[in-house]
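J.: kindly generate the corresponding structure for this input.
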Amino acid sequence: MTSEIIGLIGIVAMLVLLALKVPVGIAMIVVSAAGYGYIVRPSAALARLGSDPFTSVTSYAFSVIPLFILMGLFLANAKLGSDLFTFVNALLGRLRGGMAMATIGASALFSSVCGSSIATASTIATVTVPEMRKYHYHEGFAAGAAAAGGTLGILIPPSAALVLYGILTEEPIGKLLIAGLLPGIMTAVILMIAAYLVAFFKPHLAPLGTATERPAILPALRKTWAIPAIFGTSIGGIYGGIFTPTEAGAVGAFLSLVFTGITGRLSWASFVGACHQTARVTAVIFLIVVGGKMFGYFLTITRIPLAITSSIAALDISPLAVIFVLFALYFVMGALMDEIAILVIMTPIVYPLITKLGYDGVWFGVLTIMMLLTGLLTPPVGLLSFIVSGLTGVPLNKVYAGVTPFWLALIVAISLVIIFPEIVLFLPRLMK
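T.: This next block holds a predicted model:
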């Protein structure tokens, strides 16, 4: 058998293992070790299996992942989600659909200090969906807004997914994080517009509530000032060249701990819980990174990335058409597989093609994360839809119906980034 055929067999075998609920990292490690052993020799595969896990995760750049996760979990345990919703609702609550818009706005603000979509959706949904129910919002629309807002957690910096992409491709992590800012803000605005339009054309889904008093804005702001302060210090430090990403993560985690400690929002039990959860999440991510590195090396020796690049080049289609084809592929995969699995499986295959076509790797990193957002909402997987349904008691079919307009809004945002790459590249080009 040729190496390309072995590579295809390896990809199919890994998909079978994933379908059997084998953890993503384990599936990639098993397939990579077996495939490498078959192509080279078993002793060489065992040698790589002994060295690759250590060399993959001992890089200094990896330390940014647990720090960003810890920063978000400190603030999540401090119950800031409620304060953020109160603040944004004070600004937008008087509009039809204003509470749904406030849910997305609060999710965007929380995403700026949390690199996880799951943590963002969990924190915001438990606060906002019961509140919207109180004002007679349709529960599917309310849950859909919370799930859609949660997608911003892996796009707006600090984003663990962007860090993971940077590690897989060796693109500069600092530039990737900064590159996600404008697309993240744009996506949040488009999602809020979608919420407004749904409420405007279907007013029964979002009845007008009692007008929010202007003076309520200031008390709410006093409770949420730490979010922009921590974000501005950590991410602003990266942009200004003051901090490396790892230093920014350390500063953000420290400031989060100081804020929650001084204000009495973080108990000892919550502190210990945040540390334990950070360790668990980091361990899962590191296992995926090890598997992704080994799988990428396996694909390289099978020459599959080179074969794909040559085949697409032979088609003589425009680079923009290639991007839209990849968008369609990621969309279909997102409906069937976990987003992190798609990221670590597809990046080693697609990244060489993208760079050969002349596209910027940082731009494609942000685009990759955005293309994964729809999968967080889309059945049959739709991880955030499942989470919001479980936390709020809204039936899953109603959540899926509720996320539909937001799913369309995400496609609009993705298309804009494809057509206008400067949305992504403008800020990174100004970095020192």
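
J.: tell me who's in contact with the residue sitting nearest the centre point of the chain.
T.: For the chain, Ile154 is the residue whose C-alpha lies nearest the centre (Cα atoms, centre = their mean; 2.0 Å). Each residue near Ile154 by Cβ atoms under 8 Å, 6 or more residues apart in numbering is listed here: 115-117, 160-162, 339, 369, 372-373. Backbone N, C-alpha and C define where each C-beta goes, glycine included.

J.: contact partners of stretch 254-272?
T.: Applying Cβ under 8 Å, 6+ apart, the set of residues contacting stretch 254-272 is 70-72, 74-75, 77-80, 113, 226, 229-230, 233-234, 274.

J.: how near is Ile167 to Val362?
T.: 14 Å (Cβ to Cβ, to the nearest Å).

J.: then Ala401?
T.: 36 Å.

J.: which stretches of the stretch 251-400 of the chain aren't confidently modelled?
T.: Applying pLDDT under 70 to the stretch 251-400 of the chain flags the ranges 313.

J.: how about the stretch 51-200 of the chain?
T.: Checking the stretch 51-200 of the chain against pLDDT under 70 turns up nothing.

J.: what ranges does it have for its helices?
T.: Under the criterion DSSP state H, counting those that start in this stretch, the stretch 51-200 of the chain contains helices at 64-77, 80-92, 98-111, 117-134, 139-150, 160-169, 173-179, 181-201.

J.: show me the one of those helices that comes nearest Val412.
T.: Comparison of the helices of the stretch 51-200 of the chain against Val412 by Cβ to Cβ identifies helix 181-201 as nearest, at 5.8 Å.

J.: where do the helices sit along the stretch 251-400 of the chain?
T.: 268-302, 304-315, 319-334, 339-356, 361-373, 383-392, 396-419.

J.: now the ones you listed as a markdown table including distance to Ala250?
T.: Shown next, in a markdown table, are the helices of the stretch 251-400 of the chain (distance: least, Cβ to Cβ, whole Å):
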| stretch | distance to Ala250 |
| --- | --- |
| helix 268-302 | 13 |
| helix 304-315 | 35 |
| helix 319-334 | 33 |
| helix 339-356 | 24 |
| helix 361-373 | 23 |
| helix 383-392 | 29 |
| helix 396-419 | 30 |
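
J.: any idea which of those is most buried?
T.: helix 361-373 (a mean of 25; mean count of other Cβ atoms under 10 Å).

J.: now the angle from that helix to helix 117-134?
T.: 40 degrees (axes from the mean of the first three to the mean of the last three Cα atoms, to 10 degrees).

J.: re the thing from before, tabulate the contacts of Ile154 (JSON lines), appending distance to Leu177.
T.: Shown next, in JSON lines, are the contacts of Ile154 (distance: Cβ to Cβ, whole Å):
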{"residue": "Gly115", "distance to Leu177": "9"}
{"residue": "Ser116", "distance to Leu177": "14"}
{"residue": "Ser117", "distance to Leu177": "16"}
{"residue": "Ala160", "distance to Leu177": "10"}
{"residue": "Ala161", "distance to Leu177": "11"}
{"residue": "Leu162", "distance to Leu177": "6"}
{"residue": "Glu339", "distance to Leu177": "18"}
{"residue": "Ile369", "distance to Leu177": "11"}
{"residue": "Leu372", "distance to Leu177": "16"}
{"residue": "Leu373", "distance to Leu177": "17"}
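
J.: that older thread, which one is the residue nearest to the centre of the chain nearest to, not counting chain neighbours?
T.: Closest residue to Ile154 apart from its sequence neighbours, by Cβ to Cβ, 6 or more residues apart in numbering: Ala161 at 4.1 Å.

J.: Lys21 sits in which helix or strand?
T.: According to DSSP states H and E, Lys21 maps onto no helix or strand at all.

J.: could you report the neighbour count for it?
T.: 7 (other Cβ atoms under 10 Å).

J.: got it, and Ile29?
T.: 24.

J.: how about the contacts made by it?
T.: Ile29 neighbours (Cβ under 8 Å, 6+ apart): 49, 290-291, 294-295.

J.: kindly report the same for Gly361.
T.: With Cβ under 8 Å, 6+ apart, Gly361 has these contacts: 169, 171, 351, 354-355.

J.: many thanks, we can stop here.
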